[in-house]
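*Asks:* My questions concern the predicted model and sequence given below.
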Protein chains: 2
Amino acid sequence: MRNKAVMTIGKASASSGVPPKTIRFYEELGLLKPAERFANRYRAYDESNIQTLRFIRRARDLGFSLQEIDKLLGLYRNRRRASEDVKRLALAHIAELDHKIAELTRIRDTLAELARRCRGDQRPECPILDELELPPS
Amino acid sequence: MRNKAVMTIGKASASSGVPPKTIRFYEELGLLKPAERFANRYRAYDESNIQTLRFIRRARDLGFSLQEIDKLLGLYRNRRRASEDVKRLALAHIAELDHKIAELTRIRDTLAELARRCRGDQRPECPILDELELPPS
DNA sequence: GCTTGACGTTCCAGTGGCGGGAGGGTCTAT
DNA sequence: ATAGACCCTCCCGCCACTGGAACGTCAAGC
């Protein structure tokens, strides 16, 4: 049972991919429980802490907010969870993503059309500026 | 020539769609020149200020950052501008948008696939949580 | 044993683009 | 005279960090 590897924040960071500053920040927010400490007051992390950090990192990579991640962690730790609750969080997040993607795409297309019509030479005429100075469409 | 309508920040806000707080904020940032003042120290805006505010608002709607807008305003005001410079800013912004859209879409698809595989019932098993606890892919 | 450098600690400030609210002054209508 | 709708400045909070200052701790090399 030498699996009980306990490490400082630097190793925990390297193992989880979460920067030390960010780990402390999550702890301060209450997203993580206050870490155990070595005798010298350095924070001490074990494998289960690393697991949690990786979970958070993956969830961040998928665009979940820290608030959503807090809920996800609660479900993750709860063996009697209903997958329904996880799925609901995921679907809500997907809906947000769809909304953002649609908005960005609309903007992108508008701008691409304006840019297409702009000669992009040494002359001052430019449909992009013309459009911007118009009253709100 | 009664076009020289001069108004307070509230009217300027209503005419431009930019909230009063935001107008003051832009002024503080230096994006707008300090407004003229009435005798009572209230800020005074005329039609050309409104035009600028509308320009900023439209540019924000198109997702430009305030820094980019600062450059756009410079070009907008410069009669000797080259449309090339405007187009370059626009194309750079489009590239950013494309990047964001691609990333969000990738995330969305990953999450949608995980959600599809999640039963979403009263049982705890859930591929979404399973995925999140895995080492970084 | 002493220094050096890489860690770790806390606390404070800044990012972007605002919004909320406190605590006041001003103006208009009743 | 007072109510209410404006306006003013100033500071705090949001989100998710990141950077830096000023300091403590530890292992390695001379």
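*Replies:* Received, thanks. Residues are numbered from 1 along each chain as shown, chains lettered A, B, ... in the order given.
*Asks:* Next up, the contacts around the residue nearest to the spatial centre of chain A.
*Replies:* Chain A has A:Arg60 as the residue nearest its centroid, 2.9 Å off, counting by Cα atoms, centre = their mean. By Cβ atoms under 8 Å, 6 or more residues apart in numbering or on different chains, the contact list for A:Arg60 reads A:Ile69. No exception for glycine: its C-beta is placed from N, CA and C like everyone else's.
*Asks:* how about the nearest residue to A:Leu75, chain neighbours excluded?
*Replies:* Closest residue to A:Leu75 apart from its sequence neighbours, by Cβ to Cβ, 6 or more residues apart in numbering or on different chains: A:Arg81 at 4.5 Å.
*Asks:* burial of A:Ile128, as a residue count?
*Replies:* Residues within reach of A:Ile128, counting by other Cβ atoms under 10 Å in any protein chain shown, total 23.
*Asks:* For chain A, which residues are neighbours of DNA strand C?
*Replies:* When proximity is defined by Cβ under 7 Å from any atom of the strand, chain A lies next to DNA strand C at A:8-11, A:13, A:20, A:24, A:35, A:41-43.
*Asks:* Can you tell me which of those residues are buried?
*Replies:* The neighbour-count test (16 or more other Cβ atoms under 10 Å in any protein chain shown) marks A:9, A:13, A:35, A:43 as buried among these.
*Asks:* now the residue of chain A found nearest DNA strand C: how far from A:Ile23?
*Replies:* Closest contact between chain A and DNA strand C, by Cβ to the nearest atom of the strand, is at A:Gly10 (2.2 Å). The spacing between A:Gly10 and A:Ile23, counted by Cβ to Cβ, to the nearest Å, is 10 Å.
*Asks:* Check which residues of the longest helix seen in chain A are buried.
*Replies:* What stands out as the longest helix in chain A, according to DSSP state H, is helix A:83-117. For helix A:83-117, the neighbour count (16+ other Cβ under 10 Å) marks A:83, A:85-87, A:89-90, A:93-94, A:96-97, A:101, A:104, A:107-108, A:110-111, A:114-115 as buried.
*Asks:* Just want the angle from that helix to helix B:83-117.
*Replies:* Relative orientation of helix A:83-117 versus helix B:83-117 (axes from the mean of the first three to the mean of the last three Cα atoms, to 10 degrees): 160 degrees.
*Asks:* and helix A:83-117, anywhere near DNA strand D?
*Replies:* No: using Cβ under 7 Å from any atom of the strand, we find that helix A:83-117 stays clear of DNA strand D, coming within 11.2 Å at best.
*Asks:* Could you list the buried residues of whichever helix or strand comes after that helix?
*Replies:* Where DSSP states H and E defines the elements, the next helix or strand beyond helix A:83-117 is helix A:127-133. Buried residues in helix A:127-133, counted by 16+ other Cβ under 10 Å: A:127-129, A:131-132.
*Asks:* for the residues you listed, which one is nearest B:Asn49?
*Replies:* Taking Cβ to Cβ as the measure, B:Asn49 sits nearest to A:Leu132 out of the buried residues of helix A:127-133, at 15.4 Å.
*Asks:* what separates that closest one from B:Pro19, distance-wise?
*Replies:* Separation of A:Leu132 from B:Pro19 (Cβ to Cβ) stands at 19 Å.
*Asks:* And A:Leu73, by the same measure?
*Replies:* From A:Leu73 across to B:Pro19, the span is 37 Å (Cβ to Cβ).
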